[in-house]
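Engineer: Pasted the sequence and its predicted model underneath.
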Amino acid sequence: MLDKGDLQAIKEMFTEQRSGIMQDVSGMLAEHKTDMVDMLAEQRSGIMQDVSGMLAEQRSEIMQDVSGMLAEQRSEIMQDVSGMLAEHKADMVDMLTEQKSEIMQDASVLMESKFTPRFNLLAEGQQAIIDKLIPISRIERLEGEVNLLKTVVRQLSEDTQQLKKAQ
């Protein structure tokens with residue numbers, strides 16, 4: 001796509017062409033001025049019309065050429081941009097996948113370094129508690145003995161009561 005500088009250059013080119021043509025015409029007039037003053041005066045308006053027509057024609061051709069070039073350049077640029085975007089997208093996907101993998105590895109290492117020692121300490125503490133716990137079989141045996149002792153104490157208490165009444 002043409003920017004303002006390109007359009008300015010085209011405008012200057014037209015201006016230079018016009019100046020060149022005008023100089024050529026002026027030069028031709030100066031050479032033949034003495035012989036053709038009357039003829040040039042009549043033909044001047046015709047030449048000006050012809051020059052204007054040629055300039056208009058050239059301008060039209062140049063505009064068509066410029067339009068065609070602009071369309072081609074736009075198409076090429078769009079294709080290039082699409083290609084670059086596709087490459088960048090693929091690069092970004094690869095980079096994000098790699099970063100995700102690295103993050104997962106870092107998280108795994110971090111969890112292992114932070115949590116594993118703590119879990120091991122918790123397990124050691126639990127093992128110490130478990131080691132201090134009385135086995136259920138022993139508790140059941142002690143409950144049986146306590147029940148027996150309660151029964152014996154009750155019996156002895158009753159016997160003592162009866163002896164006190166008898167005295």
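Structural biologist: Arrived safely, thanks for sending.
Engineer: From Ala86, how far off is Leu148?
Structural biologist: 88 Å (C-beta to C-beta, to the nearest Å). C-beta here means a position set from N, CA and C on the backbone, and glycine is covered the same way.
Engineer: tell me the average confidence for whichever helix in the chain runs longest?
Structural biologist: Secondary structure of the chain read by DSSP state H shows that its longest helix is helix 33-132. Averaging pLDDT along helix 33-132 gives 84.
Engineer: neighbours around Val25, how many?
Structural biologist: Using other C-beta atoms under 10 Å, Val25 is surrounded by 15 other residues.
Engineer: Tally up the residues packed near the nearest residue to it once chain neighbours are set aside, please.
Structural biologist: Spatial nearest neighbour of Val25, excluding adjacent residues (C-beta to C-beta, 6 or more residues apart in numbering): Ile47 at 6.4 Å. Neighbour count for Ile47, taken as other C-beta under 10 Å: 14.
Engineer: now do Ile62
Structural biologist: Neighbours around Ile62, by other C-beta under 10 Å: 14.
Engineer: Please parse this protein into its domains.
Structural biologist: 4-133, 135-167 (automatic domain parsing).
Engineer: Go ahead and confirm the residue nearest to Val25 touches Asp24.
Structural biologist: No. Applying C-beta atoms under 8 Å as the test, Ile47 and Asp24 come out as separate, 10.7 Å apart.
Engineer: Thanks a lot, see you next time.
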